[in-house]
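**Student:** Next one to model:
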Amino acid sequence: MEFDHLKGFYHVARLGSFTEAATRLYLTQPAISLQIKALEKEVGERLFDRIGRTIRLTHAGGILYKQVEEILAKLDELELTIRELKSLERGCLSLGASDTMSIYFLPDLLTAFLKAHPRVELRITSVLSPLVLRKLLDREIDLGIITLSSLLPKPVEVVPLLEQRLICIVEPNHPFAARKLIDTEEIAAQPLILLEQGSVTRKCVDEHLAGCGCQCRPVVELSNFEIIKRYVATGLGVSLIPEGAVLAGDNVTPVAIRQNIAVRVGVIYRQDRRLSHPAGAFLDLARDFFTRVRPGSRLPMPAPPAQGLGAGSN
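**Tutor:** Numbering: from 1, shown residues only. You can find the predicted model right below:
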């Protein structure tokens, strides 16, 4: 039984697509199809049902998939062990991080990590949180640091790091700038500048506005908070961003929101994959780092007032 055939089968089943599997393995689609046909001939059973453009594992395919997944996990572990035996001091750590984490928190964390482990080779990928999750599932990274969604698939393990409330930012001459608290309804009535669709934070904002009976109709959708702050500073609109994304010198004014809106950040890794020494060391450091440092504390925010105060209270 050819290992390449098993690997091709695994990626077709995992991705639900011959085309995507071929791209992932740097092969042509006909080559992947030939691998699957050869494997089906050897097994003596059809492995996929093809319904239009959709492919699904047959009963035999499902059994084989579980076995192949375990084999690949063991091979990953064996490869990791061999690398560590060759060079216990050096090692390699492959990280995926959301844009927000990459911009505001990861530089300080990586500086501390490399100070303690200067010979570890780092490989960093910065993409949206859902793409970090996909890279972890596809075994392309060791750890991911993401804004957590409510549901994460198996075999993902989560280590929570922090919770960040969202705040409203406005340009310094905006009427909200003199306020200590504002309501969601007031924010929704303003021109909104938000993250583009696809991010966990944007989904959180959309769901919160919908829960308050507000329609989410941003005038501008942008790719990251740094660009958003520039647009807000010019007076084009207001935005909702995590408090840790507000830095001194941004030329925007942060205002607390009466209703609590928060996103959670955490480290994710595969339960079925043993963490390398560098990955374990980084995870321990991340826990300690976020215990000692409260992101967002550079600009102190007022505590919410007692219940019963009107929307216009300062």
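**Student:** so where's this protein uncertain?
**Tutor:** 83-90, 293-314 (pLDDT under 70).
**Student:** And the strands in it, which stretches?
**Tutor:** Along the chain, the segments classed as strands by DSSP state E run 48-51, 54-57, 92-97, 121-126, 143-147, 156-170, 181-182, 193-195, 220-222, 239-242, 253-257, 262-270.
**Student:** Let's have those in a markdown table, adding distance to residue 26.
**Tutor:** C-betas here are computed from N, CA, C, even on glycine. Shown next, in a markdown table, are the strands of the chain (distance: least, C-beta to C-beta, whole Å):
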| stretch | distance to residue 26 |
| --- | --- |
| strand 48-51 | 21 |
| strand 54-57 | 21 |
| strand 92-97 | 18 |
| strand 121-126 | 18 |
| strand 143-147 | 23 |
| strand 156-170 | 26 |
| strand 181-182 | 52 |
| strand 193-195 | 32 |
| strand 220-222 | 33 |
| strand 239-242 | 37 |
| strand 253-257 | 46 |
| strand 262-270 | 23 |
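**Student:** between those strands, which gets nearest to residue 135?
**Tutor:** Ranking the strands of the chain by proximity to residue 135 (C-beta to C-beta) places strand 92-97 first, at 5.0 Å.
**Student:** Compare the strands of the chain and give me the one nearest residue 22.
**Tutor:** When these are compared by C-beta to C-beta, strand 54-57 sits nearest residue 22, at 13.2 Å.
**Student:** and the closest one, how far out from the chain's middle?
**Tutor:** Relative to its chain's centre, strand 54-57 lies at 27 Å (C-alpha atoms, centre = their mean, to the nearest Å).
**Student:** Now do it: which elements does it pack against?
**Tutor:** Using 3 or more C-beta pairs under 8 Å, 6 or more residues apart in numbering; DSSP states H and E, the elements in contact with strand 54-57 are strand 48-51.
**Student:** and residue 157, bridged to which residues?
**Tutor:** Beta bridges link residue 157 to residue 269, judged by DSSP bridges.
**Student:** roughly how far apart are residue 59 and residue 39?
**Tutor:** Note on residue 59: its distance to residue 39, by C-beta to C-beta, to the nearest Å, is 16 Å.
**Student:** ok, these two, which is more surrounded?
**Tutor:** Using other C-beta atoms under 10 Å, the more surrounded residue of residue 59 and residue 39 is residue 39, with 21 against 11.
**Student:** residue contacts, the more buried one?
**Tutor:** 1-2, 5-6, 8-9, 47 (C-beta atoms under 8 Å, 6 or more residues apart in numbering).
**Student:** Buried ones in stretch 270-284, by neighbour count?
**Tutor:** 270, 272-273, 275-279, 281-283 (16 or more other C-beta atoms under 10 Å).
**Student:** In space, not sequence, find me the middle residue of this protein.
**Tutor:** residue 129 (2.0 Å; C-alpha atoms, centre = their mean).
**Student:** Domain-wise, how is the protein divided?
**Tutor:** Per the record's domain assignment (automatic domain parsing), the chain is made up of the domains 3-85, 91-314.
**Student:** In the stretch 151-300 of the chain, mark out all the helices, start to finish.
**Tutor:** Taking DSSP state H, counting those that start in this stretch as the test, the helices found in the stretch 151-300 of the chain are 184-188, 200-211, 225-233, 277-292.
**Student:** Could you dump those into CSV with distance to residue 239 added?
**Tutor:** Listed next are the helices of the stretch 151-300 of the chain as CSV, based on distance: least, C-beta to C-beta, whole Å:
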stretch, distance to residue 239
helix 184-188, 9
helix 200-211, 9
helix 225-233, 5
helix 277-292, 24
